[in-house]
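# A predicted structure for the sequence below; I have some questions about it.
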Amino acid sequence: MSGRSKKYESQIKTKESHHYFFLNPYEDMAFTRCPKCEEKTKIRKHCLVIHVEPKFLASINKSCRYCSKCDLIIVKQTDLERLLVTICEQNAPDTIGNEYLVFGTMDRKDWKNGLTGKISQQEAIKRTYPFKDVWKFEVSPGGWYPEKQVEA
Ligand SMILES: [Zn+2]
């Protein structure tokens with residue numbers, strides 16, 4: 001019986017998840033109202049953590065649309081990509097145009113420490129709060145469509 005000498009795995013502990021996220025692909029939609037609950041959204045700064053293929057970690061402190069009721073962060077894709085290009089140009093120019101994933105947020109102080117190199121990328125990942133979920137919203141463009149099939 002050696003139950004008491006149970007070894008703890010060197011666990012990479014990720015933080016608890018925070019927020020829902022929506023990357024807004026619509027250039028002409030500001031989402032001043034939440035696409036889910038239609039409440040007015042506010043502007044809030046969030047430190048977004050973005051993984052760029054193959055292995056560059058970018059963090060951006062950015063004003064985002066935010067619905068406090070749904071805990072939903074909305075970021076315009078074109079705005080994000082513009083910032084991402086700037087960061088990649090300075091830090092990892094060969095990753096520009098690669099696939100990327102916005103996977104969470106981090107505290108402002110951790111973001112600062114990451115910028116100044118006080119914490120490593122590995123450490124930064126550990127301090128990231130992953131999103132609870134990533135949502136997608138379809139916006140119906142104006143105009144007419146073929147009639148949808150109505151279920152009886
Ligand atoms: Zn909402």
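Arrived safely.

# okay, CA-based contacts and neighbour counts for the rest of this
Fine.

# which helix in the chain has the most residues?
helix 77-91 (DSSP state H).

# check which helices and strands it sits against.
Applying 3 or more C-alpha pairs under 8 Å, 6 or more residues apart in numbering; DSSP states H and E, one finds that helix 77-91 contacts strand 56-67.

# list the strands paired with the strand it packs on, with their directions.
Using DSSP bridges, strand 56-67 pairs in its sheet with strand 42-52 (antiparallel), strand 72-76 (antiparallel).

# what would those strands look like in JSON lines with mean pLDDT and mean neighbour count?
JSON lines is the format used below for those (pLDDT from 0 to 100; neighbours: other C-alpha atoms under 10 Å):
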{"stretch": "strand 42-52", "mean pLDDT": "96", "mean neighbour count": "19"}
{"stretch": "strand 72-76", "mean pLDDT": "97", "mean neighbour count": "23"}
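
# tell me the bridge partners for the one residue sitting closest to the centre of the chain.
Geometric centre of the chain, nearest residue: residue 102, 3.6 Å, by C-alpha atoms, centre = their mean. Assessed by DSSP bridges, residue 102 has beta-bridge partners residue 50.

# I'd say it and residue 53 touch.
No: judged on C-alpha atoms under 8 Å, residue 102 makes no contact with residue 53 at a distance of 11.5 Å.

# who are the packing partners of the least confident helix or strand in the chain by mean pLDDT?
Lowest on mean pLDDT, DSSP states H and E among the helices and strands of the chain sits helix 121-126, with a mean of 88. Applying 3+ C-alpha pairs under 8 Å, 6+ apart, one finds that helix 121-126 contacts helix 108-115.

# what's the helix it packs on packed up against?
Secondary elements touching helix 108-115 (3+ C-alpha pairs under 8 Å, 6+ apart): strand 42-52, strand 56-67, helix 121-126.

# using PDB, write down the CA coordinates of it.
Extracted C-alpha coordinates of helix 108-115, given in PDB (Å, rounded to 0.1, in the frame of the first residue of the first chain):
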ATOM      1  CA  ARG A 108      -2.800  43.900 -16.900                       C
ATOM      2  CA  LYS A 109       0.100  43.400 -14.600                       C
ATOM      3  CA  ASP A 110       1.000  40.100 -16.200                       C
ATOM      4  CA  TRP A 111       0.700  41.600 -19.600                       C
ATOM      5  CA  LYS A 112       3.100  44.300 -18.600                       C
ATOM      6  CA  ASN A 113       5.500  41.800 -17.100                       C
ATOM      7  CA  GLY A 114       5.300  39.900 -20.400                       C
ATOM      8  CA  LEU A 115       6.100  43.000 -22.400                       C
END
